[in-house]
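Q: Just need the structure, nothing else, for what follows:
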Amino acid sequence: MSYALGVIAFSFALLLSVMLHEAGHFATAKAFGMKASRFFVGFGPTLWSFTRGETEYGIKAIPAGGFVKIEGMTALEEIDPADADRAFYKQPAGKRTIVLCAGSFVHFLIAIFLVFGILAATGQDPIRTDGFSIAAVSNCITSAPSGLCKPGDPRAPALGVLREGDRLVSINGQPISKTGENFVNILRASPGKAVAITFIRAGVRRTVSLTPLPLVVKGKTQGRIGVAEEQDAAQVSVAGAIPRTFGVLGDFITSTGSAIGGLPHEVAQIVEGKPRGQNGAASVVDVARVSGQISASGASVGDIVASLLLLIAELNLFVGLFNMLPLLPLDGGHVGILAFEQARSRIYKAIGRRDPGRVDIMKVLPLTYAVVAAFVGLSLILLYAGIVNPIRLQ
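A: Residues are numbered from 1 along each chain as shown. The predicted structure follows:
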C-alpha cells in the first residue's frame, strides 16, 4: 500500500468520525423533541443542500469537519416564538446533558467497535506481547537511506549468529521490556562494547556475545548489530476479545493522560527542536504522516489495515475524552455549567432561598475566549512541529 493511501484513509476516517460525533448530538436532540435546523458536512460556503422536514442537510466547501445547529443552545439566541418550547436551553437538565455527551459517546462506541473487531478478526492483542523476536538480520551496517549495503560497509555482527524468528529474552541480564526500548537503548549506547544477548531458538535458550559497531546517526554515534526486532503479539480468542477490548482502551486512556500531562515538556522540546517521541502530543498532520508511514511500511495488507484501524480507534478515544474536559467551549464545559446550576439550585432550595436560575453566559465568555486562545496556540505549535519536526515510527 502507498503512503498517500494511508493519508487519504486517515483523512476520510477523521471526517467520518467528526460527522458521527455531530450525528450523536443531532439524533438525541431530535429524540427529545428539540429543533435541529441544520446538519452540514464541512464549513464555509454551501456547495449543495436540501431540506427534509424542518432540517437543512448539505455539504460545504471546506471538508474540515461538520456541525449541527440545535436551536437555543444558549439563551442569547433569537428564536422563533413558535419554537420557544423546543429550544435547547429550556429543556430539562438531564436531556441537555445527554445531548451534550452524545458526541463523545459516539467516539467511545467507535473505539470499542474497532478495537473489538481487530482483536476478534486477527486473534492477536495489539498491546500485550509475548516478547520480541528477530524480524530480519542485515548483511552489513550501513548508513545508506535505502538500507542496501555499499562496498566497504562492515559485516553485521549479528549475521550468522542470530536468525529471523529467534525470540529475544534479555540483554546484559536485563529482561526485554514491554516496549523493547531497553534492548534498542543498550545496543545504541554500546558501540565497541560487547553485549550479552539471550534468546530462544527451537525451544533452546542460548546466550551470545556481540559487539555493536559504531554508526553515525544525525551526528551521534550509536551501536548497531544489524537486526530488526518485532513484537510477538499475545493471542486472544473471540470470547476473550470482549474483556480485552476494555483493557486495550484502558491502556489508551493511560497513554492519553500521559500525553496531556507531558504537554509542557513536549512544547519545550518542539521549541528547542529536539526529536519528538512517538507517544507525545501530536497534531492532525503528525497522525496523517504516521498513517502514511504505516501504509508504506511493507507489512501485509491485513497488518496495515489493523494498524490503521487501531490508530483511528485511539484517536476517537482521545477526542471523546478531550471533548469532555470541563472547559468551555468543549461539550464537557457545558456539562460542567449544567452540573453547577443543578448543584446551586439544590443548595439554595435547601437553605430556603430563591433559585438563581441559569449561569449568565456573558460572565464566562472571557474564560471561554482564553481557553480558545490557548487551544489555538497549542494547535499552531503542534501543527508547526508536524511540518518541520514530524513524529516518525522509526
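Q: And V305, which helix or strand is it part of?
A: helix 301-323 (DSSP states H and E).
Q: How about A268?
A: helix 263-272.
Q: Buried residues of that helix, list them for me.
A: Buried residues in helix 263-272, counted by 16 or more other Cβ atoms under 10 Å: E266, V267, Q269, I270. Where C-beta positions appear, they are placed from N, C-alpha and C, glycine not excepted.
Q: I'd like to know which elements the helix holding V305 is packed against.
A: Applying 3 or more Cβ pairs under 8 Å, 6 or more residues apart in numbering; DSSP states H and E, we find helix 301-323 packed against helix 3-31, helix 93-122, strand 124-137, helix 238-261, helix 284-295.
Q: Any chance of TSV for the ones you listed, columns mean pLDDT?
A: Shown next, in TSV, are the helices and strands packed on helix 301-323 (pLDDT from 0 to 100):
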stretch	mean pLDDT
helix 3-31	90
helix 93-122	95
strand 124-137	79
helix 238-261	86
helix 284-295	79
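Q: how close does the nearest residue to S307 once chain neighbours are set aside get to F199?
A: Counting by Cβ to Cβ, 6 or more residues apart in numbering, S307 lies nearest to I294, which is 4.8 Å off, once chain neighbours are set aside. Note on I294: its distance to F199, by Cβ to Cβ, to the nearest Å, is 27 Å.
Q: what's the answer for I242, then?
A: According to Cβ to Cβ, I242 stands 34 Å off from F199.
Q: And those two? Which one has more around it.
A: In this view I242 and F199 are compared by other Cβ atoms under 10 Å, and F199 has more residues nearby, 24 against 13.
Q: burial of L119, as a residue count?
A: By other Cβ under 10 Å, the residues close to L119 number 25.
Q: Skipping adjacent residues, who's closest to it in space?
A: A241 (3.7 Å).
Q: repeat for A13
A: The shortest distance from A13 to any non-neighbouring residue, by Cβ to Cβ, 6+ apart, is to I312 (4.7 Å).
Q: Pretty sure the one you found sits against G6.
A: No. In this structure, I312 is not within contact of G6 by Cβ atoms under 8 Å, at 11.3 Å.
Q: and M34, which of the three is it?
A: coil (DSSP: H, G, I helix; E, B strand; the rest coil).
Q: for it, phi and psi?
A: Backbone geometry at M34, expressed as degrees, to the nearest 10, gives phi -80, psi 160.
Q: That one contacts A102, doesn't it?
A: No. The pair M34 / A102 is not scored as a contact, 11.8 Å apart, by Cβ under 8 Å.
Q: Between those two, which has more neighbouring residues?
A: M34 (25 against 20).
Q: Turn the helices and strands packed on helix 301-323 into CSV, including distance to L367.
A: Putting the helices and strands packed on helix 301-323 into CSV (distance: least, Cβ to Cβ, whole Å) gives the following:
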stretch, distance to L367
helix 3-31, 23
helix 93-122, 18
strand 124-137, 38
helix 238-261, 19
helix 284-295, 26
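Q: Can you say which of these is nearest to A82?
A: For these, the distance to A82 is smallest for helix 3-31, at 17.2 Å, taking Cβ to Cβ.
Q: roughly how far is the closest one from the heart of the chain?
A: Centre-to-centre, helix 3-31 and its host chain are 14 Å apart (Cα atoms, centre = their mean, to the nearest Å).
Q: That helix: what's the following helix or strand?
A: Downstream of helix 3-31, the next assigned helix or strand under DSSP H and E is strand 36-52.
Q: wait, doesn't A313 sit right on V115?
A: Yes. Using Cβ under 8 Å, A313 is in contact with V115, at 5.1 Å.
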